[in-house]
Structures are given as C-alpha cells and as structure tokens.
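# Have a look; sequence and predicted model below, questions after that.
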Amino acid sequence: MAARLDIGWLERLLAEQPEGVEVDGWRAALPLLKAGRVEDLAAFAFGIDAEKGEPCTRTLATRVGLAARNDALVALRERFYPDRPKYQAAMEISRDLLRYRESGWRHERAQAMPPTDEKRAAMWAVLKARDRVPKARQLAEIFSTPSQ
C-alpha cells in the first residue's frame, strides 16, 4: 500500500507567496500531486518527455497546463460527444470551442467558477487550462493517446 503524500505544507507555503514566476510551476503542479500522479509530476519536474524519454524544452507550468487541458478535452469528449467517431468528435469539439472562445469565454474567462451550463463549464475548463483551441488533427491525436 502506497503512503499518502501530505502536501498541506506546500499548499500553505504557496498560498503565502505572491504570484510569481518562481512558484507558478508548483502552483500548476498541485492538481497532479492531489491526484496522486507522482510519476507525471516527476517527469514534469525533471523536464523529461515521458513518451519520448528525451529532455523537454517547455516549462513546468506549460507542461502541467497542457496535461490539464488534455484531461479536460478527453472529459469533454466522453461527456458530450461519446457516440461520435474520434475525428468527427475532434472536428465538432474544435468548432464548438472556437465559437465559445469568441462569445461566452470573453465574459467568463476572468471568473473563478465555471458557468452553470455543463457543456459551457467543460469548455471553460479546457480554455482555463490553456487559452488556445487545438485543431481537429491535434485533438484526434490527444484522443488517441492512452490515459496515464
């Protein structure tokens, strides 16, 4: 049985720090720690691309944001596009995210809480993690990648 990682001290320490470059990566890594994804966090912290086994040039905050975005995209597809083939779902999700980004997201991006509408909340989570809409081809690749 694995020991539970106590990260309360890290949460308290980060809460006391002002927003800044030096701790942003750790703030972004908290969800991985809370979810018990220590292997993912270790790969992020040491700058290793887990799939390729090579050094990664992206910052810790960027890598954590992309992982959070990809998890949110997979959840969006599973919840709202479950019966669509992978590429059709990717095209529809890309289209819907672009529409949302140009309309509701402009007003909801600064909110701390997601909208009450479930689909808008799922799209909000995707854009909150990374404020860019992937093209359909990239979405299809994300949907083809096995979950960690």
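All right, it came through fine. Numbering: from 1, shown residues only.

# Break this protein into its domains for me.
8-55, 64-144 (automatic domain parsing).

# among those domains, which gets the worst mean confidence?
When the domains of the chain are ranked by mean pLDDT, domain 8-55 comes last with a mean of 62.

# Pull out the buried positions in the strand or helix carrying L76.
Assessed by DSSP states H and E, L76 sits inside helix 60-80. Across helix 60-80, burial judged by 16 or more other CB atoms under 10 Å covers 60-61, 63-73, 76-77, 80. C-beta: built from backbone N, CA, C; applies to glycine.

# what are the ranges of the helices in the protein?
8-16, 21-34, 38-45, 60-80, 86-102, 104-108, 118-129, 136-144 (DSSP state H).

# Is there a neighbour count for A121? I'd like the number.
14 (other CB atoms under 10 Å).

# Surely it and P114 touch.
Yes: applying CB atoms under 8 Å, one finds A121 in contact with P114, separated by 3.8 Å.

# Spatially nearest residue to R77 (excluding sequence neighbours)?
Excluding its sequence neighbours, the residue lying closest to R77 (CB to CB, 6 or more residues apart in numbering) is A89, at 5.2 Å.
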